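S.K.: following is a predicted model, sequence given first.
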Amino acid sequence: MKRFGLFIGGKWVSPSSRKYFPSINPATEKPIARFASGSEHDVKHAIEAAEAALPQWRKVPAPKRGQILLKFAGLLRRDKEPLARLVSTEMGKVLPEARGDVQEAIDIAEYMAGEGRRLFGHTTPSELPDKFAFTMRVPLGVCSLITPWNFPLAIPAWKTMPALVCGNTVVFKPSSDTPMCAARFVELLAKAGVPPGVVNMVTGSGEELGEALVASPKVRGVSFTGNKQTGAWIAKNAGVKKVGLELGGKNAIIIMDDADLDLALQGVLWGAFGTTGQRCTAASRVIVHEKVKKEFEHMLVRKASLLKLGPGTSPSTDVGPLINKKALEKVHYYTEVGLGEGAKLLLGGRPAKGKGFFYEPTIFSDVSPKMRIAREELFGPSLSIISASGVEEAIKIANSIEYGLSSSIYTRDISNAFRAIEGIEAGITYVNSSTIGAEVHLPFGGVKGTGNGAREAGWTGVEEFSEIKTVYIDFSGKLQKAQIDN
Ligand code: NDP
């Protein structure tokens, strides 16, 4: 079986532990390849390589750095189909979504390539004569990028592309569930012309490598996407540096009594069961107006019961496997919690028989906002239906959780739509569309327990990976004192 080392200083090197771990296909439970179990010593080595590459890389003009990103986008496009198959095999999502994962990486690479010709600062008048003032963007330095498995190409690209265009060098630590996608990702970056040491990759247990990646004073920026507990640990241990956290969600779709129910049905099916519910923006709650609850439930159960479980690579599959056994056990644990809390199980509620980490699409009704299944992120194909008497109550329920990532309302009434836009505490609100579907040129992120204010993608992606330097140029030829001489 193929074995991958660590990618440090532009070379594949053996881990100091000499140990390797397998990446598993979640549909078959068979190993795909073996990957290096990096140690803290290896992370230190990777940080040193990134530090050594920094002075030259930050001097490369940003438009030229952008051209390398554009070349990378071209390589992704050329290899889109094999990459999508790899994503589907290693992570489990169905092929059309796996193609979307690759496309998102292409899109962000192209968008950030263009940022190489912007990286805007501000100019503003000085309060003194013959004095000029402006701001410019400078890189942070060495950045640690820590990513989850659910978008094994798109999320690494969301972080790496802005980091590189801003002139940073990086140590990338991918999820231990999708290291093969990560290995292909760094191979293509090197092929596109990213110089040795600018992107380094260390695989291995996040728990073991975390401190070296996050707490090192040589690391000036940390960007993390993953679960809330890990995010809290990182925030506590990073010290004084820039930290971007993208954590979980418990996203709601509100369906009003005036909504187009057929349209809402499509949005709920896509939001709840797309990517097997393993998106941070997945819809895990439906808050439906009591007048249409019965009708909508009937429509939903009929359609959801037709969804076909299977390997993501099979064209007839609607819902792929969960990522691993632990995830399967977690989803089932929450089914038992829901039953124990008195929720009514309308569909599913058990693992599928046979090999692979498959779980039946699950729907609970008569869920109260206080139940754990209505508040905690379970990251799987399980949906809770809650009823509400009107838009204000629906918004209150939507807000009654600790997260605030995505949200949606289906309504034909413009007043309801604007009440939701203004009232829902979330980083993203969709109207007459599901909770998923972020586009790379718009900011992405959440409020409350979902993050610490960072917004990835779009122009805000550049803000995450750069500092602002303020420059004053005095051409008066004399000492001028601000606040005193004016
Ligand atoms: P984890 O937090 O378990 O893992 C994410 C990454 O962090 C992995 O690379 C993991 O490594 C690493 N890691 C684990 N422990 C530490 C540590 N102590 N220090 C540093 N790194 C560590 O999350 P999951 O992989 O389970 O991802 C699912 C979560 O991600 C969900 O909660 C989901 O909502 C969230 N998510 C959020 C998004 C957003 O933008 N808001 C987008 C996508 C997902 P290893 O794999 O080796 O454990």
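M.R.: Looks like it came in fine.

S.K.: that's a strand at F21, yeah?
M.R.: Yes - counting by DSSP: H, G, I helix; E, B strand; the rest coil, F21 falls inside a strand.

S.K.: how near is it to E456?
M.R.: Distance, F21 to E456, using CB to CB, to the nearest Å: 28 Å. C-beta here means a position set from N, CA and C on the backbone, and glycine is covered the same way.

S.K.: neighbour count winner among those two?
M.R.: The residue with more neighbours, out of F21 and E456, is E456; 24 against 15, by other CB atoms under 10 Å.

S.K.: pretty sure the more buried one is touching P443, no?
M.R.: Yes - counting by CB atoms under 8 Å, E456 does reach P443; the two are 7.4 Å apart.

S.K.: quickly list what V138 is bridged to.
M.R.: Beta-bridge partners for V138, by DSSP bridges, are E467.

S.K.: give me the neighbour count for it.
M.R.: Using other CB under 10 Å, V138 has 16 neighbouring residues.

S.K.: how about it, what does it touch?
M.R.: Applying CB atoms under 8 Å, 6 or more residues apart in numbering to V138 gives the contacts 58, 167, 466-469.

S.K.: and which of those is nearest to P139?
M.R.: Among those, G167 lies closest to P139 (CB to CB), at 3.6 Å.

S.K.: correct me if wrong, but that closest one is in a helix.
M.R.: No - assigned with three-state DSSP, G167 falls outside any helix and is coil.

S.K.: from what I see, it and A62 are in contact.
M.R.: Yes - if you go by CB under 8 Å, G167 and A62 touch, sitting 6.9 Å apart.

S.K.: which one's more surrounded, the two?
M.R.: The neighbour comparison of G167 against A62 (other CB under 10 Å) goes to G167, with 24 against 19.

S.K.: gap between that one and the ligand?
M.R.: Noted for G167: a distance of 24 Å to the ligand, by CB to the nearest ligand atom, to the nearest Å.

S.K.: for A420, same thing?
M.R.: Counting by CB to the nearest ligand atom, the gap from A420 to the ligand is 20 Å.

S.K.: so A327: helix, strand or coil?
M.R.: helix.

S.K.: my read: it touches P381, true?
M.R.: No - taking contacts as CB under 8 Å, A327 lies outside contact range of P381: 10.7 Å.

S.K.: looking at these two, which is more packed in?
M.R.: A direct count of neighbours by other CB under 10 Å for A327 and P381 places P381 higher, at 28 against 23.

S.K.: let's see the pLDDT reported for the closest residue to the more buried one other than its chain neighbours.
M.R.: Leaving aside its sequence neighbours, P381 sits nearest to G277 (CB to CB, 6 or more residues apart in numbering; 4.1 Å). According to the prediction, G277 has pLDDT 97.

S.K.: for G277, what are its contacts?
M.R.: When contacts are counted by CB under 8 Å, 6+ apart, G277 touches 284, 331, 378-383.

S.K.: may I ask which two of those are separated the most?
M.R.: Maximum distance among the contacts of G277 (CB to CB): 12.6 Å, for F379 and L383.

S.K.: the two: which is more packed in?
M.R.: Each of F379 and L383 has its neighbours counted (other CB under 10 Å); L383 has more, 29 against 26.

S.K.: contacting residues around that one?
M.R.: With the criterion set at CB under 8 Å, 6+ apart, L383 makes contact with 268, 272-273, 277, 283-286, 361-364.

S.K.: I'd like those residues as JSON lines, with distance to the ligand and secondary structure appended.
M.R.: As requested, the contacts of L383 are exported to JSON lines (distance: CB to the nearest ligand atom, whole Å; DSSP: H, G, I helix; E, B strand; the rest coil):
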{"residue": "V268", "distance to the ligand": "19", "secondary structure": "helix"}
{"residue": "A272", "distance to the ligand": "15", "secondary structure": "helix"}
{"residue": "F273", "distance to the ligand": "16", "secondary structure": "helix"}
{"residue": "G277", "distance to the ligand": "11", "secondary structure": "helix"}
{"residue": "A283", "distance to the ligand": "13", "secondary structure": "strand"}
{"residue": "S284", "distance to the ligand": "10", "secondary structure": "strand"}
{"residue": "R285", "distance to the ligand": "14", "secondary structure": "strand"}
{"residue": "V286", "distance to the ligand": "18", "secondary structure": "strand"}
{"residue": "P361", "distance to the ligand": "19", "secondary structure": "coil"}
{"residue": "T362", "distance to the ligand": "18", "secondary structure": "strand"}
{"residue": "I363", "distance to the ligand": "20", "secondary structure": "strand"}
{"residue": "F364", "distance to the ligand": "20", "secondary structure": "strand"}
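
S.K.: which members of those residues are the farthest-apart pair?
M.R.: For these, the maximum inter-member distance is 15.2 Å, found between R285 and P361 (CB to CB).

S.K.: state the distance from the spatially closest residue to E295 that is not a sequence neighbour to the ligand.
M.R.: Excluding its sequence neighbours, the residue lying closest to E295 (CB to CB, 6+ apart) is L261, at 6.8 Å. Separation of L261 from the ligand (CB to the nearest ligand atom) stands at 28 Å.

S.K.: burial count for L261?
M.R.: L261, neighbours per other CB under 10 Å, totals 18.

S.K.: that one against K294, yeah?
M.R.: No - judged on CB under 8 Å, L261 makes no contact with K294 at a distance of 11.5 Å.

S.K.: residues from the protein in reach of the ligand?
M.R.: Applying CB under 6 Å from any ligand atom, one finds that the chain approaches the ligand through 146-150, 173-177, 205-207, 210, 213-214, 225-227, 230, 233-234, 246-249, 280, 377, 379, 405, 450.

S.K.: buried ones from these, can you make that a PyMOL selection?
M.R.: Buried members of these can be picked out in PyMOL with the line below, counting by 16 or more other CB atoms under 10 Å:
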select buried, resi 146+147+148+149+150+173+174+175+176+177+206+210+213+214+225+226+230+233+234+246+247+248+249+280+377+379+405+450
